[in-house]
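# only geometry, no sequence info:
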C-alpha cells in the first residue's frame, strides 16, 4: 500500500508537506497546482511552489513531490510539464479535478471532464513532451455534472500513456459532500491496467480499509483527513501491517503547531505567518476540541510576540522564538 498526500490548494504548501511527511506514513506528495494558460512560465514559479526542487524534488524526510499542472491547452500544459521535469520534479501530475468556479470559468480543472477528448489530448501531449523516465499521474473526479463521461475519460487517460490515475470519487456537482462513491472506482479498475489511487472521505484507518475493499485499490490519497489528524497516514500504514500505534495526543499536536509556525516564519512576512496556522486549526478542531480554543485565542493576532505568547501559554512552558533574522518577508 502507498499513501499520497492530496494537493489541496492554499492549504498543503511546502511547509505543510515538510511537517506531515516528517511524521511518517506518506509515500508521495503533490504540489498545489501550477496554473498555466497561454505561455511557458518562468522557472521561478515552479521553484516557489515547489521549493523541494532544490532538494532533489523531495521533502527533508525523503518523500518525493510531484509538480501538478492545471490548464486547458495541450501544448502549453506539455511545455510547462517538460520544464518542471527539467528543473528536477520526480514526477508530473495533471489536475482535472479542481471544482473551484474561478478555475472552471477559465478553462481548467474539473470542467474539462465534460470533454473526454480534450482530457486525452492534454495527457497525450504531456506524455510526448516528458522524458519516458518521468512518471505522469493524472487526477480526476467522477465527472462534472454527472458520471456519464467517466469511463470514456478513464479510457482516454490510459490510452494517452499516463503512469497512474487518482480518482476523487465524487463529481464536481457533489463537491465535498459525503459520501464518496468508491464503487465507481472499481468500474474503472475493470477497464484499465495502470495503477489507480482512490481518494475521498478517508478519515480514519477503518475508512481506509473500507475504501480499499469497495474500490479494489491498494493505494490511497489522503486530503482533509490528514489535516484533521496529522498522524492519520502512519496510523493507516500501521493498521495495514497489523501493528498497533497510539494516536497523537493534543500536547504532541501542539508541538507540531509550534513547528508549523516556525516554518511559516521562514516563508511569510512575520505579520502573516500565523494565517496558515489559523487555517490549519480550523481543520484540527474537527478532531481535537482543544484546537478550537486555541483558534479563538489567536484568530485576531498578527504580531509574532503575541502569537508566541499564546503558544507558550498553551504548552505551559517557555518557547524560544526563532532568531529574528528568520522573520523576514523573503
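On my side now, so go ahead. These numbers come from a predicted model, not from an experiment.

# what does stretch 42-52 rub up against?
13-14, 17, 31-32, 34, 53-54, 57-59, 65, 67, 83-84, 87, 89 (Cβ atoms under 8 Å, 6 or more residues apart in numbering). Heads up, the C-betas are built off the backbone N, CA and C, glycines and all.

# inside strands: which ones of these?
Within the contacts of stretch 42-52, residues falling in strands by DSSP state E are 34, 65, 67.

# tell me the pLDDT of the first one.
Meaning residue 34. Residue 34 is assigned 96 on the pLDDT scale.

# over to residue 168?
98.

# quick one, strands of the stretch 1-150 of the chain?
With strands called from DSSP state E, counting those that start in this stretch, the stretch 1-150 of the chain shows them at 3-5, 28-30, 34-35, 65-70, 92-96, 136-141.

# so where's the protein uncertain?
317-330 (pLDDT under 70).

# how is it partitioned into domains?
The chain breaks down by automatic domain parsing into domains covering 3-240, 250-326.

# out of the ones in strands among the contacts of stretch 42-52, the closest to residue 225 would be?
When those are compared for distance to residue 225 (Cβ to Cβ), residue 65 comes out closest, at 19.5 Å.

# give me the neighbour count for the closest one.
Using other Cβ atoms under 10 Å, residue 65 is surrounded by 28 other residues.

# ok, now which ones touch it?
17, 28, 29, 30, 31, 50, 52, 57, 58, 59, 89, 90.

# how about residue 158?
Here residue 158 is in contact with 165, 191, 192, 193, 194 (Cβ under 8 Å, 6+ apart).

# let's see if you can find the most crowded of those.
Busiest of these [other Cβ under 10 Å] is residue 165, holding 22 neighbours.

# so which bits of the top helix by length along the chain are buried?
Counting residues, the longest helix found in the chain (DSSP state H) is helix 250-265. Within helix 250-265, the residues that count as buried by 16 or more other Cβ atoms under 10 Å are 253, 254, 256, 257, 258, 260, 261, 262, 263, 264, 265.

# and whichever helix or strand comes after that helix, which residues are buried?
Note on helix 250-265: by DSSP states H and E, the next helix or strand toward the C-terminus is helix 274-284. Within helix 274-284, the residues that count as buried by 16+ other Cβ under 10 Å are 274, 276, 277, 280, 281, 283, 284.

# max pairwise distance over those: which two?
For these, the maximum inter-member distance is 15.3 Å, found between 274 and 283 (Cβ to Cβ).

# out of everything not next to it in sequence, what's closest to residue 261?
residue 277 (5.2 Å; Cβ to Cβ, 6 or more residues apart in numbering).

# actually, residue 83.
Residue 83 sits nearest to residue 40 (Cβ to Cβ, 6+ apart), 6.4 Å away.

# burial count for the one you found?
12.

# pretty sure it contacts residue 75?
No: assessed by Cβ atoms under 8 Å, residue 40 is found out of contact with residue 75, at 9.8 Å.

# which parts of the stretch 151-300 of the chain are helices?
With helices called from DSSP state H, counting those that start in this stretch, the stretch 151-300 of the chain shows them at 182-189, 205-215, 224-228, 232-240, 250-265, 274-284, 289-298.

# turn these into CSV, columns for distance to residue 130.
Below are those laid out as CSV (distance: least, Cβ to Cβ, whole Å):
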stretch, distance to residue 130
helix 182-189, 23
helix 205-215, 27
helix 224-228, 28
helix 232-240, 28
helix 250-265, 31
helix 274-284, 32
helix 289-298, 41
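
# nearest to residue 98, out of the ones you listed?
helix 224-228 (15.0 Å).
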